[in-house]
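Participant: starting from these lines, generate the structure:
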Amino acid sequence: MNRSLHNNIRTIFLMGFFHSFMVVIPVFVPLLQGHGLSMSQVLQTQAMFALTIALCEVPSGYIADVWGRRQAIMIGSALNALGFLSLLWADTFLDFLLYELILGVGFSLISGADLALLYDTEVYLQEQGLPGGAGPGKSLSRLIAVEAAASGIAGIVASVLLLWSLDGVVLVQAFTGLMPLLLVFTLAEVPRPPSDNDHRENARQVVELLLFGKPVLLWTAFAIAVFGLLAVYVFWIYQKYWEMQSVPLGYFGYIWAAFALTVSVSARYSAALEQRLGTRGVLCLIAILPLLGLLGMALGSGWVGVMFGFAIQFSRGLSMSLFYEALNRRVPGDFRATVNSLVSLGVRAVFIVTGPLLGFALDHYGVRSTLLIMLAVFTPLMGLVLVPLVLRIRREVSARERAAIVAA
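Facilitator: Below is the predicted model of the structure:
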């Protein structure tokens, strides 16, 4: 059992790699446009994905907590494999909606469960005095770095495949989408004491934990939602923006790779940067960089505008690593997958409504105007979540110091 649990860490990293090794993503907008879809329809497919996630995210996270993380990841990986295979015959708007529906259920089952299993494995091995990985916090950062690196490598592979055709990209995606399903059989469930609570009591405890538990936990969840929503928006703007800047399609994958590797590096060294700048300093950096990126993309032209996207990606790596580590550190293992899923739900629920509006704005007002609108919206939003978060972190630290003095 201990050997199997130790292998969990490596297996989850490998699964994270293949889940993010999506060669179709760097060219997804041109792919759908090649099948006759407008930007509004492209964003509608993403709204379908977000709606599916919203409906399945919390139930799937709860299933992972109650029935086991391994079971949830296994079913999710099987659905993802089926979804990627469906791309081989997808041709119409309805076909791509079905593709997003299948992937939405699959990713909702995996989302939260993989983070929870990795964190639980590290905590269990530490408690038992057994050799593990780098520790819970660092392992989460490394998983984010691995996933971002996989996205970067996928971008390079996509550019190479484009030397032949877009069909080659779809074919490779269908093949690599099967790999997580093969790896999941090597995972082991972390031993946990059975809960005597019924479903209603579990729900009450989760709500109480988020709303009336540690204040830092709630505001960290808000921060993840705001920064995650910004990341989803620019994720679907990038390719349209590059087209507007007359960047050749063959370069899309390479730019995507550079962006993803930026996320990987910033996530990998986020803890070291926090130690150097302090919590308040790194939170200010996380807020300033994406706003600078949006402004630079809106006002810049050609490759200069493209380069400003790196500021958004650097902030993305920092925010994902630091916020998710802070969240999982404060959540009990019994509800870790559920809480992770609830946070993801916040992003997806907002995108259901605003995703098609984003596509409408891109089609009717253009990319630059849309970027400036986002800048105007997210500037106050970031202040609204980060200022209370910093204040509550200070109170938590002060309370911890007082407790240490009393104990001494």
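Participant: pLDDT-wise, which helix or strand of the protein ranks last?
Facilitator: Lowest on mean pLDDT, DSSP states H and E among the helices and strands of the chain sits helix 199-212, with a mean of 51.
Participant: tell me what the lengthiest helix in the chain is packed against?
Facilitator: Identified as the longest helix of the chain according to DSSP state H is helix 367-407. Judged by 3 or more C-beta pairs under 8 Å, 6 or more residues apart in numbering; DSSP states H and E, the packing partners of helix 367-407 are helix 215-244, helix 270-299, helix 336-364. All C-beta spots, glycine's among them, are computed from the backbone N, C-alpha and C.
Participant: if we go to 6 Å?
Facilitator: Applying 3 or more C-beta pairs under 6 Å, 6 or more residues apart in numbering; DSSP states H and E, we find helix 367-407 packed against helix 215-244, helix 270-299.
Participant: from the contact counts, what lies against the last one?
Facilitator: Contacts of helix 270-299 with other secondary structure elements, assessed using 3+ C-beta pairs under 6 Å, 6+ apart, are made with helix 309-329, helix 367-407.
Participant: residue 126: neighbouring residues, count only.
Facilitator: Neighbour count for residue 126, taken as other C-beta atoms under 10 Å: 14.
Participant: how about the helices of the stretch 1-150 of the chain, start to end?
Facilitator: Counting by DSSP state H, counting those that start in this stretch, one finds helices in the stretch 1-150 of the chain at the ranges 2-20, 28-34, 39-67, 69-86, 93-110, 113-127, 136-161.
Participant: dump these into TSV; add distance to residue 317 and mean pLDDT as well.
Facilitator: Compiled in TSV, the helices of the stretch 1-150 of the chain are given as follows (distance: least, C-beta to C-beta, whole Å; pLDDT from 0 to 100):
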stretch	distance to residue 317	mean pLDDT
helix 2-20	13	81
helix 28-34	21	84
helix 39-67	22	75
helix 69-86	24	90
helix 93-110	20	89
helix 113-127	16	79
helix 136-161	6	80
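Participant: save those as CSV, and put in distance to residue 304 too.
Facilitator: Shown next, in CSV, are these (distance: least, C-beta to C-beta, whole Å):
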stretch, distance to residue 304
helix 2-20, 28
helix 28-34, 22
helix 39-67, 24
helix 69-86, 36
helix 93-110, 33
helix 113-127, 37
helix 136-161, 21
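Participant: out of those, which gets nearest to residue 381?
Facilitator: helix 39-67 (18.4 Å; C-beta to C-beta).
Participant: what is the burial count for the closest residue to residue 91 other than its chain neighbours?
Facilitator: In space, and not counting its chain neighbours, residue 91 is closest to residue 35: 5.9 Å by C-beta to C-beta, 6 or more residues apart in numbering. Neighbourhood size, residue 35 [other C-beta under 10 Å]: 14.
Participant: when you give positions from now on, start the count at 662
Facilitator: Shifting the count to begin at 662 puts that one at residue 696.
Participant: show me the contacts for residue 734.
Facilitator: Residue 734 makes contacts with 771, 774, 845, as judged by C-beta atoms under 6 Å, 6 or more residues apart in numbering.
Participant: that one and residue 776, how far apart?
Facilitator: Between residue 734 and residue 776 the computed distance is 11 Å (C-beta to C-beta, to the nearest Å).
Participant: again with residue 673
Facilitator: Per C-beta to C-beta, residue 673 is found 9 Å from residue 776.
Participant: where does the stretch 912-1061 of the chain have low pLDDT?
Facilitator: 989-1007, 1057-1061 (pLDDT under 70).
Participant: looking at the helices of the stretch 662-811 of the chain, which is closest to residue 889?
Facilitator: Using C-beta to C-beta, the helices of the stretch 662-811 of the chain put helix 700-728 closest to residue 889, at 11.4 Å.
Participant: noted, bye for now.
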